[in-house]
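Trainee: Give me coordinates for this.
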Amino acid sequence: MTLDAVLSRIDADLPHATERLMELLRIPSISTDPAFAEHCQTAADWLVADLASIGVKADKRDTPGHPMVVGHVDGDGPHLLFYGHYDVQPVDPLDLWDRDPFDPEVQDTPKGRVIRARGASDDKGQLMTFVEACRAWQAEHGTLPCKITFFFEGEEESGSPSLVPFMQANADELRADLALICDTGLFESRVPAIVTMLRGLLAEEITITAPDKDLHSGMYGGVAMNPIRVLSRVLAGLHDDQGRVTVPGFYDGVPELPDAIRSQWQGLAFDHKTFLGDVGLSEPAGEQDRTPVEMIWSRPTCDVNGIWGGYTGDGFKTVLPSQASAKVSFRLVGDQDPHKIRDSFRQMVRDTLPPDCTVEFTGHGASHASSTPTDAPAFEAARTALSDEWGVPAAYVGCGGSIPIAGHFQDILGTTPMLIGFGKDDDQIHSPNEKYDMESFHKGIRSWARVLAALT
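Mentor: Numbering: from 1, shown residues only. Model (predicted):
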């Protein structure tokens, strides 16, 4: 099958592809707000109909929450599964948007043409890059290049409560040779990238109690234990002077970077001064024997995300509080076990408590890190395809965040995930005035056509 013909059709059909994306963007499929549940149904129906228009046998599958969309095309060669999500983040604060977030528009900006709307980048625009590549392939050749399963979720932005049960119940149907995920971005908004490392996440909330009620600090200060003082000591002790995490056993299962990956990352010339300077900082604060890009992509972290206790209102109140609380998260890599780290962290806190203090813990999730083997032939084929489209060598990169679906594909389906996305750093996902560059949309479609050709 001729790839050039598919790429030419993509170029010619770009205006129609853009309008189809606009139709999907007009649907306010906010998954976190029950008031928009009907719109999530509408978005799922729209995708079923659109997949059917390119010969995909697709249907909407009910869940306790918002529906899944599953579609299949038979074919020879490898079986590919493509995942995306059609739900979007809430739009608040609405007054910070320059236009109706569900009235999409193509705009000219100093950096080029963009599609402005909620969900343009996360994840409707990204999702449709793959669908449009398949549409062009189908239109040119009357069939798709291999067996493909389409799997679209409607709860990604609300924690995916239905995802794991659905995948477990339908594992035989969803299992494939390779799972393609389009929910990531370009490196520094210019270099195509395949994400091969995703950090896991452990989230803990702790509350330390000392006196059984708030006390007058003039009467009890000095003689009564202050839980804020105890909590401050706990939190301050989570790192040593070199930025390493001090939780016992924390670094068990943390791998060293392969030399080939370290060399490739060094070649990216990551500018940490600009990266930090954009948010008013200048010096890396993590492990001092690691490069900044290693800190972000391949090293584990511990961060205090919130802390409270006592009186925090206007004015002043000389209170000695009964309780003090904090939220602490750990980003995990390699084979770190979040459950063992949770137990070790909790025991470390208990061991720090002085007499008359107690602690309560509330867990807010625990997930393992995931990584993919870049030495597999499919990965190098895809990397070459991306390089050919973008005109610069594509890179294997890590991701500082967590994308649980990648781990679920590995753990539940036994399927290797491949994460390729075309978002840019300034897409303002989850924020007002979200956008997706027309370059990302156009070249994203062409990229997927090239990847399909390379994998089949």
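
Trainee: Look up phi and psi at the closest residue to T301 other than its chain neighbours.
Mentor: Spatially, and ignoring its direct neighbours in sequence, T301 is nearest to R331 (4.5 Å; C-beta to C-beta, 6 or more residues apart in numbering). Glycine gets a C-beta too; all of them are placed from N, C-alpha and C. When quoted as degrees, to the nearest 10, the phi and psi of R331 stand at phi -90, psi 130.

Trainee: Centre-most residue in the chain?
Mentor: I403 (4.2 Å; C-alpha atoms, centre = their mean).

Trainee: on that earlier part again, surely the residue nearest to T301 is in contact with W297?
Mentor: No: if you go by C-beta atoms under 8 Å, R331 and W297 don't touch, sitting 10.4 Å apart.

Trainee: Touching both of these two, which residues are there?
Mentor: Residues touching both R331 and W297 by C-beta atoms under 8 Å, 6 or more residues apart in numbering: G400.

Trainee: All the strands of the stretch 251-400 of the chain, in order from the start?
Mentor: With strands called from DSSP state E, counting those that start in this stretch, the stretch 251-400 of the chain shows them at 301-309, 319-320, 323-332, 358-367, 370-371, 395-399.

Trainee: For H339, find the nearest of the ones you listed.
Mentor: Using C-beta to C-beta as the measure, strand 358-367 is the one of these that comes nearest H339, at 6.0 Å.

Trainee: Pull up the gap between the residue nearest to T301 and T129, please.
Mentor: Distance, R331 to T129, by C-beta to C-beta, to the nearest Å: 28 Å.

Trainee: Also L7?
Mentor: 13 Å.

Trainee: Those two: which is more packed in?
Mentor: Remark: of L7 and T129, T129 carries more neighbours, 27 against 19, as counted by other C-beta atoms under 10 Å.

Trainee: so which helix or strand takes in the more buried one?
Mentor: helix 124-141 (DSSP states H and E).

Trainee: so what's P165 up against?
Mentor: Counted by C-beta under 8 Å, 6+ apart, P165 has contacts T63.

Trainee: what about it, which SS state?
Mentor: helix (DSSP: H, G, I helix; E, B strand; the rest coil).

Trainee: sorry, back to before: out of the strands of the stretch 251-400 of the chain, nearest to T149?
Mentor: Between the strands of the stretch 251-400 of the chain, strand 370-371 lies closest to T149; by C-beta to C-beta that is 19.9 Å.

Trainee: Give the other helices and strands that that closest one contacts.
Mentor: Applying 3 or more C-beta pairs under 8 Å, 6 or more residues apart in numbering; DSSP states H and E, one finds that strand 370-371 contacts strand 193-198.

Trainee: next SSE after the strand it packs on?
Mentor: Next in sequence after strand 193-198, counting helices and strands by DSSP H and E, comes strand 200-209.

Trainee: And the helices in the stretch 201-350 of the chain?
Mentor: 217-220, 227-236, 259-267, 272-277, 292-297, 338-352 (DSSP state H, counting those that start in this stretch).

Trainee: Comparing the ones you listed, which comes out most buried?
Mentor: Sort those by mean neighbour count, taking mean count of other C-beta atoms under 10 Å, and helix 292-297 sits at the top with a mean of 20.

Trainee: what's that helix packed up against?
Mentor: The contact analysis (3+ C-beta pairs under 8 Å, 6+ apart) places helix 292-297 against helix 259-267, helix 272-277, strand 395-399.

Trainee: hmm, back to that, next one, pLDDT for the residue lying closest to the residue nearest to the centre of the chain once chain neighbours are set aside please.
Mentor: Excluding the flanking residues, the one nearest I403 by C-beta to C-beta, 6+ apart is L198, at 5.3 Å. The model reports L198 with a pLDDT of 89.

Trainee: pretty sure L198 contacts G401?
Mentor: Yes: between L198 and G401 there is a contact under C-beta under 8 Å: 7.4 Å.

Trainee: Neighbour count for the two, which is higher?
Mentor: Between L198 and G401, counted using other C-beta under 10 Å, L198 has the larger neighbour count: 30 against 12.

Trainee: Pull the contacting residues for the more buried one.
Mentor: Neighbours of L198 in contact, by C-beta under 8 Å, 6+ apart: A369, S370, S371, G398, C399, G401, S402, I403, A406, G407, L419.

Trainee: Just give me the neighbour total for the third one.
Mentor: Under the neighbour criterion other C-beta under 10 Å, S371 is assigned a count of 20.

Trainee: thinking it is in contact with G334, fair?
Mentor: Yes: the criterion here is C-beta under 8 Å, and S371 meets it with G334 at 7.3 Å.

Trainee: can you tell me which helix in this protein is longest?
Mentor: helix 3-25 (DSSP state H).

Trainee: how far out from the middle of the chain is the helix or strand following that helix?
Mentor: Downstream of helix 3-25, the first helix or strand assigned by DSSP H and E is helix 37-52. Its chain's C-alpha centre and that of helix 37-52 lie 23 Å apart, by C-alpha atoms, centre = their mean, to the nearest Å.

Trainee: And for stretch 180-192?
Mentor: Averaged C-alpha coordinates place stretch 180-192 at 12 Å from its chain's average position (C-alpha atoms, centre = their mean).

Trainee: Please apply the same query to stretch 241-259.
Mentor: 23 Å.

Trainee: Buried residues, it. List them.
Mentor: By 16 or more other C-beta atoms under 10 Å, the buried positions in stretch 241-259 come out as G243, R244, V245, V247, F250, G253, L257.

Trainee: Run through the residues that contact the closest residue to C182 other than its chain neighbours.
Mentor: Closest residue to C182 apart from its sequence neighbours, by C-beta to C-beta, 6+ apart: Q126 at 4.3 Å. Residues counted as contacts of Q126 (C-beta under 8 Å, 6+ apart) are G84, C182, D183, G421, F422, G423, Y436, G444.

Trainee: what does W297 give?
Mentor: M197, W265, V397, G398, C399, G400.

Trainee: measure stretch 139-150 end to end?
Mentor: 18 Å (C-alpha to C-alpha, to the nearest Å).

Trainee: And the contacts of that stretch?
Mentor: Contact with stretch 139-150 is made by 1-2, 5-6, 9, 13, 51, 54-56, 58, 69-82, 131, 134, 137-138, 173-174, 176, 452-453, 455-456, as judged by C-beta under 8 Å, 6+ apart.

Trainee: Buried subset of those residues, written for ChimeraX?
Mentor: Filtering those down to the buried ones (16+ other C-beta under 10 Å) takes a single ChimeraX command:
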select :6,9,13,51,54,55,56,58,69,70,71,72,73,79,80,81,82,131,134,137,138,174,176,452,453,455,456
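
Trainee: Sort out which of the contacts of stretch 139-150 are in helices and list them.
Mentor: 5-6, 9, 13, 51, 131, 134, 137-138, 173-174, 452-453, 455.

Trainee: what's the distance between the residue lying farthest from the centre of the chain and G401?
Mentor: Farthest-out residue of the chain from its mean C-alpha position, per C-alpha atoms, centre = their mean: M219, at 50.2 Å. Shown here: M219 relative to G401, a distance of 48 Å by C-beta to C-beta.

Trainee: same question, V293
Mentor: 15 Å.

Trainee: now E380
Mentor: Taken as C-beta to C-beta, the span from E380 to G401 is 25 Å.
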